[in-house]
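**Student:** Give me the fold of what follows.
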Amino acid sequence: MKLSITLYDALTSISMPSNKAKAVVDAWECDVEKLASKSDLAQTEKHLKASISELGAEMRALIREQSAELRSSIREQGVELRTSISTLEAHNKIVQWQFGILFVCISVPAIKMGYEFLSEVLLSQ
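**Tutor:** Okay, here's the model as predicted:
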């Protein structure tokens, strides 16, 4: 306010009309209100640093939480995969046994037929 009066007095002393001097002072006051002082900037910087620090802590907590969830999910999928592999291995063994039994069921009669054929051929000679 004191600077406004000084500016007004300076303008009127150089023969500027009172209404124009008042308009200049009003415009100057309007512009000065928009300017930030060093203390305003320091306070803003302090708030920004605190905000950044809080956000950083929040982000680290979220990352830790998501990492734990991801590890848990990977463990669960690993267990499911091992179970599936065990089931497939069991099915594979059953199929192997089935092929073995099928082979025996086919080969024993074939061997018997071959043996009977050979014995008839050899006995008929």
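
**Student:** so the most centrally placed residue in the chain is in which element?
**Tutor:** Geometric centre of the chain, nearest residue: residue 66, 7.6 Å, by C-alpha atoms, centre = their mean. Residue 66 belongs to helix 38-123 when assigned by DSSP states H and E.

**Student:** Equivalent analysis for residue 9, please.
**Tutor:** Here residue 9 sits within helix 2-13, counting by DSSP H and E.

**Student:** and the next element down the chain from that helix?
**Tutor:** Next element after helix 2-13 (DSSP H and E): helix 18-34.

**Student:** How far away from the center of its chain is that following helix?
**Tutor:** Remark: helix 18-34 is offset 54 Å from the chain centroid, using C-alpha atoms, centre = their mean, to the nearest Å.

**Student:** Over it, what's the mean pLDDT, rounded is fine.
**Tutor:** Throughout helix 18-34, pLDDT has a mean value of 80.

**Student:** Taking their axis directions, that helix and helix 2-13 sit at what angle?
**Tutor:** 150 degrees (axes from the mean of the first three to the mean of the last three C-alpha atoms, to 10 degrees).

**Student:** Can you spell out the domain ranges of this protein, please?
**Tutor:** 1-35, 36-123 (automatic domain parsing).
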